[in-house]
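Peer 1: No letters, just coordinates:
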């Protein structure tokens, strides 16, 4: 009798388990052009690390993204976290000015930032400035690697 109860219980568990394990077929919704554009915008961002000269993260730095070369229209902004990382989302491709404001209210202005798809890296390793400063975007762009030809012996 006891074995019969165990057998019925085991059979019941197997049946219940298999019904939960079945996968349901899902259909993927087709995005409208507006939804597709919004999804593409979320992929574009400006981000990076703000650290002092000893490579310690600086928390509470705010990065403002301004349209074009002016400092009039803010497109996006973000704060650095405990690791010194900041990131802004929904930045369409184009040319921008980035203003990085430190907790001492001094700032670094980076004009002429070319935003493309993906995350544009603006990483700084310097102590907070004593006065407002401007840095050219060319210093943030990756340097081309020169191919070195092996010497013939």
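Peer 2: Done, it's in. Predicted model, so just to flag it, every value in this text is computed and none were measured. Numbering: from 1, shown residues only.
Peer 1: Residue 49 and residue 152, how far apart?
Peer 2: The gap separating residue 49 from residue 152 is 43 Å, by C-beta to C-beta, to the nearest Å. C-beta coordinates here come from the backbone N, C-alpha and C atoms, glycine included.
Peer 1: Just want to know which of the two has more residues nearby.
Peer 2: Neighbour count, other C-beta atoms under 10 Å: between residue 49 and residue 152, residue 49 has more, with 18 against 4.
Peer 1: Just list the residues touching that one, thanks.
Peer 2: 57, 80, 83-86, 123-125 (C-beta atoms under 8 Å, 6 or more residues apart in numbering).
Peer 1: Secondary structure of it: a strand, I assume?
Peer 2: Yes. Assigned with DSSP: H, G, I helix; E, B strand; the rest coil, residue 49 falls within a strand.
Peer 1: Tell me where the model's unsure across the protein.
Peer 2: Applying pLDDT under 70 to the chain flags the ranges 1-29, 37-42, 70-71, 141-150, 153.
Peer 1: ok, what's across the strand from residue 97?
Peer 2: residue 66 (DSSP bridges).
Peer 1: Next, work out how far apart it and residue 67 are.
Peer 2: 8 Å.
Peer 1: Check residue 140 too.
Peer 2: Residue 140 is 19 Å from residue 67, by C-beta to C-beta.
Peer 1: Closest one to residue 132 out of the contacts of residue 49, please.
Peer 2: residue 124 (14.4 Å; C-beta to C-beta).
Peer 1: Nice, that's everything, thank you.
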